[in-house]
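*Asks:* give me the fold of what follows.
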Amino acid sequence: MWVTVDLAGMSEREYFTHVAKRLGMFVGGSRLAGLEGFLDGYDQHARRHGGPGLQGWREWLVARRGQDCNHGWHGQVRHIALPDGWKKWELTPEEESRVIEVLFELLDEFLAERERLEARSQ
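*Replies:* Numbers count the residues shown, from 1 in each chain. Model (predicted):
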């Protein structure tokens, strides 16, 4: 039996939890590069249509990490997920799995904090 899920009716946090559970369905595989491209596309689409997208995401990651560098949000997530460092952008399967797991945890924290700030401002 097919169950239809109303993605449009979900909060961003619910939506990304859904994506995390069904990553291959949304990015055509479970690869980090596909997920990063998906999130970049999500951000650009949301902003073009009046939503916040992932505005402030990189800055939040820098604050969460407590240190800045010249990397975009992709590198910031890697720094947090792999604090001992990584040798190249193409990660081992184990490193990639860890980065994907941490990315979704961080994204949920970021969106939860944004929800709290929006609720306070209303």
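*Asks:* contacting residues for residue 101?
*Replies:* Contacts were defined as C-beta atoms under 8 Å, 6 or more residues apart in numbering; by that measure residue 101 touches residue 81. Heads up, the C-betas are built off the backbone N, CA and C, glycines and all.
*Asks:* please repeat the previous calculation with a cut-off of 10 Å.
*Replies:* 20, 81 (C-beta atoms under 10 Å, 6 or more residues apart in numbering).
*Asks:* mind telling me what element it is part of?
*Replies:* With elements delineated by DSSP states H and E, residue 101 resides in helix 93-121, which encompasses its position.
*Asks:* and if you look at residue 25?
*Replies:* When elements are defined using DSSP H and E, residue 25 is found to belong to helix 23-27.
*Asks:* with only the CA atoms kept, save that helix in CSV.
*Replies:* What follows is helix 23-27 as a C-alpha-only set of coordinates in CSV (Å, rounded to 0.1, in the frame of the first residue of the first chain):
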residue,chain,number,x,y,z
LEU,A,23,18.2,9.9,1.3
GLY,A,24,18.5,7.8,-1.9
MET,A,25,15.1,8.9,-3.0
PHE,A,26,15.9,12.6,-2.8
VAL,A,27,19.5,12.6,-4.0
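*Asks:* i'd like the first residue to be 42 from this point on
*Replies:* Let's use 42 as the start, then, which means that last one is helix 64-68.
*Asks:* so which bits of it are buried?
*Replies:* Within helix 64-68, the residues that count as buried by 16 or more other C-beta atoms under 10 Å are 64, 67-68.
*Asks:* same check on stretch 96-108?
*Replies:* Of the residues in stretch 96-108, those with enough neighbours to count as buried (16+ other C-beta under 10 Å) are 98-99, 101-103.
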